[in-house]
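**Q** Here is the input, now give the coordinates:
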Amino acid sequence: MFRYFNVFILLFFVFGLFAGCDDSGTNNDDTLIMPLGVGNLWRGTLWTFDETGEVLFEQSSDYHISESNYYNGKMWYIVDQITDGDTASGVFIFRNESDGLYTRYSTDTLAALTSLWAKFPASVGDHYYSGPGNIEEVTVTATDTVVETVYSEYICNVYKHELTVYTWPIYDKYYLAPNIGFAKIERYLADIDGQLYLYQRWVLELFEKASSSE
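**A** Numbers count the residues shown, from 1 in each chain. Next comes the predicted model:
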């Protein structure tokens, strides 16, 4: 009986290795750092601050997956940002792989560069490079940060994306909750003295998942 049991376990393990990801870019796993599907919507509020911390603008700002396209035989999802009714198309292009969320930086299949954007699963201290030409240095700074929103709270991984091509440090922090994705985003800029300050903060209000999403 042990022999048959061991064979079953081996087959189950091998099947699991191949079932974790598919060409749809959504993954079949139960847990994803960013659920992807056309129609998915992250509704939130965006605040912009000056160097003293005073609020300059408060705006409604949503992230919306508007379409999906195949590039080099793989499905990718186009994320637009809609701020006070103005749409910035294709601010992100995402797909899920077995080791996390990947991005690409062009819709041109010949010129497009792809890189790991949010490693998942992840551990504190994970470090890698992302962005076109690896200009972003990414560090996982936390895996248990609680983000409180209007209607709920989420336990998030925090990914610090720091640009390495500027004299002063400039970075974004993405707070991503498993099976939700965007919960909070912060952007830090340097003032004229090189001191970092919080320039923008976006916080999720409501996540709407399309029926086709996985």
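**Q** can you list contacts of stretch 160-167?
**A** Residues from elsewhere that reach stretch 160-167 (Cβ atoms under 8 Å, 6 or more residues apart in numbering): 130-131, 135-141, 169-174, 190, 194. (C-beta placed from N, C-alpha, C; glycine too.)
**Q** Just the buried ones from those residues?
**A** 130-131, 136-140, 170-174, 190 (16 or more other Cβ atoms under 10 Å).
**Q** Helices along this structure, start to end?
**A** Using DSSP state H, the helices found in the chain span residues 2-19.
**Q** In the lengthiest strand in it, which residues are buried?
**A** For the chain, the strand reaching the highest residue count under DSSP state E is reported as strand 55-71. Within strand 55-71, the residues that count as buried by 16+ other Cβ under 10 Å are 61, 62, 63, 64, 65, 68, 71.
**Q** so which of these would you say is closest to residue 158?
**A** residue 63 (17.6 Å; Cβ to Cβ).
**Q** The closest one touches residue 36, doesn't it?
**A** No. Checked against Cβ atoms under 8 Å, the pair residue 63 and residue 36 is beyond contact range at 11.7 Å.
**Q** Which parts of this protein are strands?
**A** 41-49, 55-71, 74-83, 86-97, 100-104, 114-119, 127-130, 136-148, 153-163, 170-177, 181-190, 196-208.
**Q** if we compare the ones you listed, which one ends up closest to residue 32?
**A** Of those, nearest to residue 32 by Cβ to Cβ is strand 86-97, at 5.7 Å.
**Q** so where's the chain shaky on pLDDT?
**A** Along the chain, the parts satisfying pLDDT under 70 run over 1-30, 106-111, 212-214.
**Q** again, only using 80
**A** 1-30, 106-112, 165-169, 211-214 (pLDDT under 80).
**Q** rewinding a little: make TSV out of the strands of the chain and add distance to residue 31.
**A** Shown next, in TSV, are these (distance: least, Cβ to Cβ, whole Å):
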stretch	distance to residue 31
strand 41-49	18
strand 55-71	19
strand 74-83	18
strand 86-97	11
strand 100-104	12
strand 114-119	13
strand 127-130	20
strand 136-148	13
strand 153-163	12
strand 170-177	11
strand 181-190	12
strand 196-208	15
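**Q** Am I right that residue 35 is in contact with residue 180?
**A** Yes. The criterion here is Cβ under 8 Å, and residue 35 meets it with residue 180 at 7.3 Å.
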